[in-house]
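>>> take a look and give me a structure for this.
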Amino acid sequence: MVELVGDERLDYLLAENLRIIQSPSVFSFSLDAVLLAQFVYVPIQKGNIMDLCTGNGIIPLLLSKRTRGNITGVEIQERLAGMAERSFTFNGLEDRLKVINMDLKELPAMLENKKFDVVTCNPPYFPLTEQEEKINSNIHYAIARHEIECTLEDVVRVCSQITKQGGKVAFVHRPGRLLDIISLMRKYRIEPKRLQFVHSKLGKPANTLLIEGIKDGNPDLKILPPLLVYDENGEYTPEVREMLFGKEQS
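Sure, this is the predicted structure:
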């Protein structure tokens, strides 16, 4: 049994045969997190992975099916961190998955010299330059979407500080921030190595980007083929359907 608080529910992650606690009053995971969990390189047999801005733990849960390594999530919102911890326990993954409830900016000092093989992050997308009325009045949504508790530069700097030399760092973000992301990655010694744009449909502008870099890597950026979410009939493309629902049985 799992303890559900208030309006929480236990949802299925169909492709992975896992369950996750979600709530309509806090930020639920989106396709972006699923895309990042599929995109990033992870060592199969062992290793230490960190997921910043982990929310309710969706990325650690998805990565747990791709690696036997240890995965740690960091989340500043206490309620979301609690949901992640209970989901990890419900799925019997508490030996490999854990969550830390803290401000990611304090993480390097807390870790001292500990470094990670892979660091992922699905950060807040929107800087605080928009008019205040565009910021959600629900503080859980506002923190998840806007750079209230951390900026893009905070995220990239901390990723670099906690990643081993030669380790991987991967982000999902909006294409409009691409130049900011690449500039900051290079500023903090993360060389961009793989970039993929995600489009809702063929012929539509990209609305999401996935990017992975190597700490102190050599310049050699590869642009991957674009990923389409929906086909011409408005149905998920086979690639995205497999991410969400698993391989179809023949």
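>>> sticking with residue 80, tell me its helix or strand.
Using DSSP states H and E, residue 80 maps to helix 78-90.
>>> next, the buried residues of that helix.
Buried positions in helix 78-90, judged by neighbour count with 16 or more other Cβ atoms under 10 Å: 79-88, 90. No exception for glycine: its C-beta is placed from N, CA and C like everyone else's.
>>> return that helix as PDB; C-alpha atoms alone will do.
Written as PDB, here are the backbone C-alpha positions of helix 78-90 (Å, rounded to 0.1, in the frame of the first residue of the first chain):
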ATOM      1  CA  GLU A  78       8.900  19.600  -0.100                       C
ATOM      2  CA  ARG A  79       5.600  18.200  -1.200                       C
ATOM      3  CA  LEU A  80       6.900  17.000  -4.600                       C
ATOM      4  CA  ALA A  81      10.000  15.500  -3.000                       C
ATOM      5  CA  GLY A  82       7.800  13.600  -0.600                       C
ATOM      6  CA  MET A  83       5.700  12.300  -3.500                       C
ATOM      7  CA  ALA A  84       8.900  11.200  -5.300                       C
ATOM      8  CA  GLU A  85      10.200   9.300  -2.200                       C
ATOM      9  CA  ARG A  86       6.900   7.500  -1.700                       C
ATOM     10  CA  SER A  87       6.800   6.500  -5.400                       C
ATOM     11  CA  PHE A  88      10.300   5.100  -5.200                       C
ATOM     12  CA  THR A  89       9.300   3.100  -2.200                       C
ATOM     13  CA  PHE A  90       6.000   1.900  -3.700                       C
END
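>>> so what touches that helix?
2-3, 5, 8, 10, 19-23, 26-27, 54-57, 60-61, 73, 75, 94, 97-101, 140 (Cβ atoms under 8 Å, 6 or more residues apart in numbering).
>>> ok, now stretch 154-170?
Contacts for stretch 154-170 (Cβ under 8 Å, 6+ apart): 36, 39-41, 50, 52-53, 104-105, 107-108, 111, 114-121, 123, 171, 181, 184-185, 187-190, 210-217.
>>> for that stretch, buried residues please.
If you call a residue buried by 16+ other Cβ under 10 Å, then stretch 154-170 has these buried ones: 154-164, 167-170.
>>> what do you get for stretch 94-104?
96-101, 104.
>>> and which of the buried residues of helix 78-90 is nearest to residue 240?
Nearest to residue 240 among the buried residues of helix 78-90, counting by Cβ to Cβ, is residue 87 at 22.8 Å.
>>> measure the closest one to residue 99 for me?
According to Cβ to Cβ, to the nearest Å, residue 87 and residue 99 sit 9 Å apart.
>>> what's the overlap in contacts for the two?
residue 57.
>>> residues in contact with the lowest-mean-pLDDT helix or strand in the chain: which ones?
Counting by mean pLDDT, DSSP states H and E, the chain has its least confident helix or strand at helix 139-145, which shows a mean of 84. Contacts with helix 139-145, where a contact means Cβ under 8 Å, 6+ apart, come from 25-27, 53, 55, 76-77, 79-80, 124-126, 135-136, 148-149.
>>> what sits against residue 232?
201-202.
>>> how about residue 172?
So, once contact is read as Cβ under 8 Å, 6+ apart, residue 172 ends up touching 32-33, 35-36, 39, 122, 208-210.
>>> which residues in the protein form helices?
31-39, 58-63, 78-90, 107-111, 139-145, 152-162, 178-187, 238-245 (DSSP state H).
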